[in-house]
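1. could you look at this predicted model? Sequence included:
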Amino acid sequence: KERIMIKKLQLKFIFIATVAVMIVLSTFIGLTNSVMYQRTLSNVFQVAQYIAENDGVMPDKNKQHKDAPDISTEERYRVRFFTVTLDENDEVESTDFGRIAAVSEEDLDRFIEEVRSNGYKKSHFTYHGSSYAYAVSEMDSGKLLVFVDCTSEVETAEEFRTSSYLLGLLCLLFFVLFVS
């Protein structure tokens with residue numbers, strides 16, 4: 001009878017310790033992933049805003065000011081973006097697809113509708129499997145919309161999230177095996 005009671009206590013301890021470790025791991029992994037994802041989006045928004053503030057152009061490294069995002073010379077060529085200028089009536093005045101291949105005039109309505117439905121506030125969304133972030137800059141005669149392809153950055157954050165949850169699960173499994 002005493003062995004049964006000791007075994008029950010041992011199982012309770014394992015259960016309580018496992019739940020405690022699971023809570024700690026979940027909190028740590030969740031916070032880490034949230035911070036990583038927010039930092040990723042913040043960096044992309046910063047680049048989109050910087051392009052918008054420079055009239056839809058990615059300035060040369062030697063022409064940038066102190067508030068410029070930290071972008072290497074090579075990174076400037078990797079950033080894929082396009083711009084749309086809207087007149088004061090919210091009609092498309094001009095577009096520039098020179099720095100992107102995955103988006104064309106046919107896709108434009110969906111992108112503009114996304115911005116309008118969000119109240120012209122910066123945001124991000126997915127379109128045909130690719131992720132885009134955008135910034136809006138007010139101009140004298142309308143608005144400049146800058147859309148930056150952030151698919152690679154979002155995929156990296158999602159891969160990190162998946163890997164960290166798998167690693168957490170593996171740690172939990174090792175813990176249970178260790179205390180059993």
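-> Thanks, I have the structure now. Numbering: from 1, shown residues only.
2. quick one: least confident helix or strand in the chain?
-> Here the helix or strand of the chain ranked lowest by mean pLDDT, DSSP states H and E is helix 73-78, holding a mean of 78.
3. how far off centre is that helix?
-> 19 Å (Cα atoms, centre = their mean, to the nearest Å).
4. now do the buried residues in that helix.
-> Using 16 or more other Cβ atoms under 10 Å as the test for burial, helix 73-78 gives no buried residues. Yep, even glycine has a C-beta here, placed from its N, CA and C like the rest.
5. residues contacting the helix or strand following that helix, please?
-> Where DSSP states H and E defines the elements, the next helix or strand beyond helix 73-78 is strand 81-87. When contacts are defined by Cβ atoms under 8 Å, 6 or more residues apart in numbering, strand 81-87 is touched by residues 48, 51, 56, 58, 92-100, 103, 108, 111-112, 139, 141-149.
6. in strand 81-87, which residues are buried?
-> For strand 81-87, by 16+ other Cβ under 10 Å, it's Phe81, Phe82, Thr83, Val84, Thr85, Leu86.
7. whichever helix or strand Asp109 is part of packs against which elements?
-> Asp109 belongs to helix 108-117 when assigned by DSSP H and E. Packed against helix 108-117 by the contact rule (3 or more Cβ pairs under 8 Å, 6 or more residues apart in numbering; DSSP states H and E) you find strand 81-87, strand 92-99, strand 123-127, strand 130-139, strand 142-149.
8. next, format the buried residues of strand 81-87 as a markdown table and append pLDDT.
-> Below are the buried residues of strand 81-87 laid out as a markdown table (pLDDT from 0 to 100):
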| residue | pLDDT |
| --- | --- |
| Phe81 | 95 |
| Phe82 | 95 |
| Thr83 | 96 |
| Val84 | 95 |
| Thr85 | 95 |
| Leu86 | 94 |
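9. which one of those residues is nearest to Val35?
-> Using Cβ to Cβ, Phe81 is the member of the buried residues of strand 81-87 that lies nearest Val35, at 25.3 Å.
10. sorry, back to before: show me which of the contacts of strand 81-87 are buried.
-> By 16+ other Cβ under 10 Å, those give 48, 51, 56, 58, 93, 95, 97, 99-100, 103, 108, 111-112, 142-149 as buried.
11. right, I'll call it a day here.
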